[in-house]
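S.K.: Below is the structure, and that's it, no one-letter string:
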């Protein structure tokens, strides 16, 4: 049995501790680890030779970025044709040639956005419970977290384990618009990497991570304030996580 430092107990009671929950926490509830999620996503898009050992040695965000690029190349033409058909464009052959050239410039950004959204949806569908992975004894212990006095909980997980433990907390995640309603006086679960029900806000790849760094200044500034004014309790993380590195070196 692990002894909890008395100082930590006093800090929890005084309400200055913020849990930062990672995939290692939710794995006990039957959800996949980051490595398993990469593997499942790869198989779904047709990459069947991804070695779990190689995933463990590499940068998971960069591996995810490679999978996204593969998916975009593979699905680009069909997504483009579907989008043009959706617009119901009809014209003569010469007009079509001119139109296609124009569309390739104007609609390229929208096609890329849709491809990324489709890829994120694939990833989120793989965030599912495996009954075989559930650890009943560990779950019984981890559920006690919900009895503690935490005003804010941070997580990079997509699923709803924390919502079950803290049903009265408001859920905030980037890319949904809800992050703009952050109120320090409200109890909240802050899902830094997005939510399973919102593909548009998911952070899974390198490009998505750095988009978060550059595009969500208000959300990040609130996060940094939270980190700098509280005691952060890491739960279920390895120090090779890029989010942890980014946060650690910022301070």
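M.R.: That came through fine. Remember, it's a predicted structure, so these values are computed and weren't measured experimentally.

S.K.: Give me the mean pLDDT for the helix or strand harbouring residue 63.
M.R.: Using DSSP states H and E, the element containing residue 63 is helix 60-86. The pLDDT scores in helix 60-86 average 89.

S.K.: name the helices or strands packed onto that helix?
M.R.: helix 34-44, helix 108-125, helix 206-215 (3 or more C-beta pairs under 8 Å, 6 or more residues apart in numbering; DSSP states H and E). To be clear about C-beta, it is placed using only N, CA and C from the backbone, and glycine gets the same treatment.

S.K.: Next, the buried residues of stretch 181-191.
M.R.: 182, 188, 189, 190, 191 (16 or more other C-beta atoms under 10 Å).

S.K.: Name the nearest of those residues relative to residue 139.
M.R.: Nearest to residue 139, judged by C-beta to C-beta, of the buried residues of stretch 181-191 is residue 189 at 18.2 Å.

S.K.: in a strand, that's where the closest one is, yeah?
M.R.: Yes - secondary structure of residue 189 (DSSP: H, G, I helix; E, B strand; the rest coil): part of a strand.

S.K.: Any idea what it is bridged to?
M.R.: residue 153, residue 171 (DSSP bridges).

S.K.: How about the contacts made by it?
M.R.: 152, 153, 155, 162, 163, 166, 169, 170, 171, 172 (C-beta atoms under 8 Å, 6 or more residues apart in numbering).

S.K.: Could you report the pLDDT at it?
M.R.: With respect to pLDDT, residue 189 has a value of 93.

S.K.: quick one: it from residue 197, how far?
M.R.: 13 Å (C-beta to C-beta, to the nearest Å).

S.K.: same question, residue 170
M.R.: Counting by C-beta to C-beta, the gap from residue 170 to residue 197 is 15 Å.

S.K.: Do you know the pLDDT at residue 39?
M.R.: pLDDT recorded at residue 39 is 90.

S.K.: Please apply the same query to residue 114.
M.R.: 91.

S.K.: Counting neighbours, what do you get for residue 149?
M.R.: 10 (other C-beta atoms under 10 Å).

S.K.: ok, now residue 227?
M.R.: 17.

S.K.: returning to that earlier point: tell me which of the helices and strands packed on helix 60-86 lies nearest to residue 233.
M.R.: Nearest to residue 233, of those and by C-beta to C-beta, is helix 34-44 at 20.0 Å.

S.K.: Any idea how far that closest one is from the middle of the chain?
M.R.: Relative to its chain's centre, helix 34-44 lies at 14 Å (C-alpha atoms, centre = their mean, to the nearest Å).

S.K.: List the buried residues of it.
M.R.: Per 16+ other C-beta under 10 Å, helix 34-44 contains these buried residues: 34, 35, 36, 37, 38, 39, 40, 41, 42.

S.K.: could you redo these as CSV and give each row distance to residue 219?
M.R.: Formatted as CSV, the buried residues of helix 34-44 follow (distance: C-beta to C-beta, whole Å):
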residue, distance to residue 219
34, 22
35, 27
36, 28
37, 23
38, 25
39, 30
40, 28
41, 25
42, 29
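
S.K.: Quickly check those for the two that are furthest apart.
M.R.: 34 and 42 (12.6 Å).

S.K.: Any idea how many residues pack against the closest residue to residue 132 other than its chain neighbours?
M.R.: Once flanking residues are discounted, residue 132 sits nearest to residue 30: 7.8 Å by C-beta to C-beta, 6 or more residues apart in numbering. Look at residue 30: counted by other C-beta under 10 Å, it has 17 neighbours.

S.K.: So between residue 170 and residue 197, which is more surrounded?
M.R.: residue 170 (15 against 12).

S.K.: you'd agree that one is up against residue 187?
M.R.: Yes - between residue 170 and residue 187 there is a contact under C-beta atoms under 8 Å: 6.7 Å.

S.K.: from the contacts of residue 189, which is closest to residue 228?
M.R.: residue 152 (13.2 Å).
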